[in-house]
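[1] okay, predicted coordinates and the sequence, questions at the end:
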Amino acid sequence: MVTKTQNNLNAGRGIYWLFSRVIIAPCPAFFILEKQEMRTCTKCATELPEEAFHFKASRCKRCRNTQEKERYLRKRDQIVERVRTYREENREKIMETRKEKYKTDLEFKARCRELAAKRRAITENRIKANQYAEKYRNENRGLVNHRISLAEYKNRAKAHGQDHVCDLTYAQWIEILNKFNHCCARCGTTEDITKDHIIPISAGGNTTKENIQPLCNKCNTIKQRIFEKESHASKSASSEISTNN
Ligand SMILES: [Zn+2]
Ligand SMILES: [Zn+2]
């Protein structure tokens with residue numbers, strides 16, 4: 001709240017400000033007088049030197065800035081929407097102005113060209129990066145799949161709360177495949193070969209060359225089902241024993 005006396009005070013300061021710049025400025029005492037001038041911000045109630053305020057403002061620059069920022073954050077959606085609609089409605093006018101400025105303002109032209117070049121470079125880089133990634137994936141499909149499967153095993157072990165060693169290298173996996181002639185260890189097919197954990201992850205098995213064998217997808221599923229049935233049976237058996245005791 002700005003009181004009448006404060007208003008008068010502010011007006012007085014304004015006059016002093018003018019006076020100081022027109023009349024006293026040429027005299028050396030001005031600098032001393034200027035230094036002594038202090039004001040109190042009505043918002044944060046701190047006494048600050050004159051240069052911390054905009055001319056005649058009752059709040060210091062910092063308070064005003066925070067206030068402006070808060071106002072912007074509060075009304076950001078509205079402001080953004082207003083700017084957007086204005087740009088949409090005045091697209092041609094804006095383009096005209098920009099074209100005119102581009103022709104006459106050399107600095108603006110340079111800035112425009114720089115931005116355009118940057119944008120072009122970003123697009124080209126993105127295309128190149130995508131192409132490179134695709135080429136890499138195609139050339140190293142086996143390795144990429146190997147890494148993906150290891151990541152999945154780690155996640156699965158984490159979900160089971162198991163301490164998991166996961167150090168099977170791609171070369172070791174190829175070695176295992178060669179040992180089994182790239183066939184399923186159970187049925188001998190060469191289709192849909194997957195890494196099978198001889199001791200399952202859920203039972204504390206690791207992803208190491210000692211615990212991995214090639215199984216086709218089908219055999220892997222069958223094995224998993226058998227294991228689940230067995231572990232379920234042993235669990236209920238042990239619970240029966242404990243209840244009998
Ligand atoms: Zn303040
Ligand atoms: Zn099989």
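    The structure has been received and is ready for your questions. Ligands and ions are numbered 1, 2, ... in the order given.

[2] burial count for the residue nearest to Cys216 when sequence neighbours are not counted?
    Of all residues not flanking Cys216 in the chain, Cys184 sits nearest, at 3.9 Å (CB to CB, 6 or more residues apart in numbering). For glycine as for every other residue, the C-beta is placed from the backbone atoms N, C-alpha and C. Cys184 is flanked by 22 other residues according to other CB atoms under 10 Å.

[3] repeat for Ala45
    Counted with other CB under 10 Å, Ala45 comes out at 7.

[4] ramachandran coordinates for it?
    The phi and psi values for Ala45, taken as degrees, to the nearest 10, are phi 60, psi 30.

[5] pLDDT score for it?
    Ala45 carries a pLDDT score of 91 in this model.

[6] distance check, it against Ser202.
    Separation of Ala45 from Ser202 (CB to CB, to the nearest Å): 66 Å.

[7] circling back to that earlier point, so the residue nearest to Cys216, which state does it fall into?
    Three-state call for Cys184 (DSSP: H, G, I helix; E, B strand; the rest coil): coil.

[8] so it touches Thr221, yeah?
    No - Cys184 is beyond contact range of Thr221, at 12.0 Å (criterion: CB atoms under 8 Å).

[9] what is the longest helix anywhere in the chain packed up against?
    In the chain, with assignment by DSSP state H, the single longest helix is helix 106-139. On a contact count with 3 or more CB pairs under 8 Å, 6 or more residues apart in numbering; DSSP states H and E, helix 106-139 meets helix 91-104.
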